[in-house]
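Asker: What follows is a predicted structure for the sequence shown.
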There are 2 protein chains.
Amino acid sequence: MDAIEFWFDFGSNYSYLSMMRIRGLAAAAGVRVVPRPFLLGPIFKAQGWETSPFVLQEAKGRYVWRDMERQCAKYGLRWRRPSVFPRNGLLAARVALQGEGAAWEFAFCEQVMLANFAIDRDIGDAAVIGAILAGLGVDGGAVIEAARSEACKSALRARSAAAQARGIFGAPTFFAGDEMFWGNDRLEDALLEQALRHR
Amino acid sequence: MDAIEFWFDFGSNYSYLSMMRIRGLAAAAGVRVVPRPFLLGPIFKAQGWETSPFVLQEAKGRYVWRDMERQCAKYGLRWRRPSVFPRNGLLAARVALQGEGAAWEFAFCEQVMLANFAIDRDIGDAAVIGAILAGLGVDGGAVIEAARSEACKSALRARSAAAQARGIFGAPTFFAGDEMFWGNDRLEDALLEQALRHR
């Protein structure tokens, strides 16, 4: 594939960092980005985890919120610690699938991430998602209805199964061809790998 | 403390990356480094883990070895995947405690890491540790005997308990004052923080 794949979960805080950074960095590297929203929940469940490891591992959890403050300061990104974590990204992911290839796809994903991690909104709430779509000039009612269709639900299930089949264990994850890179800290490495493959 | 603290486990592959990078980067930043060898085992056990998460989580484990190849290539570091992982760093950690403040302290730590991650030796073997000490002009017999004393054993237990008390959950971990940074990917951030505190 002549593009980097960007696999993310709307509830994942480190996915937020990559979401806000990837468009600019990819443009600078001359690399195209294909967003791949998926759900981490089934992957965590397959490990026997009922929620995020940042909740299950207390010491790591405490660290992560301080790390996020520092990382956002470093990258010049807005940040407010979500009052609920991890938030349910199911509806947002289904809507993002509906937007695949549309002009509003990337802007929608960024706005959902900002809603969760910069202004502390419940991204599982259809009113919040509808307002984001409306702000982008999209008919939110129609898109959300389509997002609730059986076709869309099974498309998201297939996407999350594909994530697991490719060896994804966390988010964000990037693919440059078959090379998998895990974590916002590997975004630059992944983009360089993709750029070198297609120069 | 007017130095960055570098907490590591000799069995930890990401600690290897930091061990080989920190002296040069710290010198360039004008920052002093205090090595803090400790054992991750008791911290993992307190989580209910009997071994490394890279062994327990199969998909993550597979990824980590590819990531190490790429990271070592990026940093220009030697690399051979250890035939046993994680190796027992108990004796090496006790010897490093014996070397605290000595001229050979840092070189010993580097050589142990290279033995484990570049030439695939059993660092739990007293003969391997003795040969490293001899190569540094140190009386290995006397140091290893002291490393096996009750005083040294309890010093290492206290060190590992201190790690847990400070919220350490993995390695490497750096402290610039009270600011904790986890992982080789945060080494540069930690050094910058320490440099800014003491400029």
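Answerer: Sure thing, it's come through. These numbers were taken from a predicted model, which means no experiment stands behind them.
Asker: For stretch A:141-157, buried residues please.
Answerer: Neighbour-count burial for stretch A:141-157, counted by 16 or more other Cβ atoms under 10 Å in any protein chain shown, picks out A:143-144, A:147, A:152, A:155-156. (Each C-beta comes from the backbone N, C-alpha and C, glycine too.)
Asker: Sorry, slip of the keys, the one I care about is stretch A:100-109.
Answerer: For stretch A:100-109, burial by neighbour count (16+ other Cβ under 10 Å) applies to A:104-109.
Asker: What is the nearest of these to chain B?
Answerer: For the buried residues of stretch A:100-109, the residue nearest chain B by Cβ to the nearest Cβ is A:Cys109; the value is 24.2 Å.
Asker: contacts for the worst-scoring helix or strand of chain A on mean pLDDT?
Answerer: Counting by mean pLDDT, DSSP states H and E, chain A has its least confident helix or strand at helix A:53-56, which shows a mean of 84. The set of residues that contact helix A:53-56 without belonging to it, under Cβ atoms under 8 Å, 6 or more residues apart in numbering or on different chains, is A:13, A:44, A:49-50, A:60-61, A:64, A:85-86.
Asker: Run the chain-centre distance for it.
Answerer: Using Cα atoms, centre = their mean, to the nearest Å, we find the averaged C-alpha position of helix A:53-56 to lie 18 Å away from the chain's own average C-alpha position.
Asker: after that helix comes which helix or strand?
Answerer: In the C-terminal direction, the helix or strand that comes right after helix A:53-56 (DSSP states H and E) is helix A:58-75.
Asker: show me where pLDDT drops low in chain A?
Answerer: A:1 (pLDDT under 70).
Asker: what residues does it put near chain B?
Answerer: Taking Cβ under 8 Å from any Cβ of the partner chain as the contact definition, chain A meets chain B at A:47, A:57, A:59-60, A:62-63, A:66-67, A:70, A:74, A:167-170, A:179-183, A:185-186, A:189.
Asker: switch the cut-off to 10 Å
Answerer: Residues of chain A found near chain B (Cβ under 10 Å from any Cβ of the partner chain) are A:43, A:46-47, A:53, A:56-64, A:66-67, A:70-71, A:74, A:164, A:166-170, A:173, A:179-186, A:189, A:192-193.
Asker: Apply the buried test to these and list what passes.
Answerer: By 16+ other Cβ under 10 Å, the residues of chain A next to chain B give A:43, A:53, A:57, A:59-60, A:63-64, A:67, A:71, A:168-170, A:173, A:180-186, A:189, A:193 as buried.
Asker: And the buried residues of stretch A:141-157, which is closest to chain B?
Answerer: Of all the buried residues of stretch A:141-157, the one sitting nearest chain B is A:Leu156; the distance, using Cβ to the nearest Cβ, is 20.2 Å.
Asker: and that closest one, what element?
Answerer: Once you assign secondary structure using DSSP H and E, A:Leu156 falls within helix A:150-165.
Asker: Check which helices and strands that helix sits against.
Answerer: Packing partners of helix A:150-165 (3 or more Cβ pairs under 10 Å, 6 or more residues apart in numbering or on different chains; DSSP states H and E): strand A:4-8, strand A:33-37, helix A:41-46, helix A:90-98, helix A:140-147.
Asker: After it, which helix or strand is next?
Answerer: Sequence-wise, the next helix or strand beyond helix A:150-165 is strand A:173-176, with elements assigned using DSSP H and E.
Asker: list the helices and strands that following strand packs on?
Answerer: Contacting strand A:173-176 under the criterion 3+ Cβ pairs under 10 Å, 6+ apart are the following elements: strand A:4-8, helix A:13-29, strand A:33-37, strand A:179-182, helix A:187-197.
Asker: try it again with 7 Å
Answerer: With contacts defined as 3 or more Cβ pairs under 7 Å, 6 or more residues apart in numbering or on different chains; DSSP states H and E, strand A:173-176 has these neighbours: strand A:4-8, strand A:179-182, helix A:187-197.
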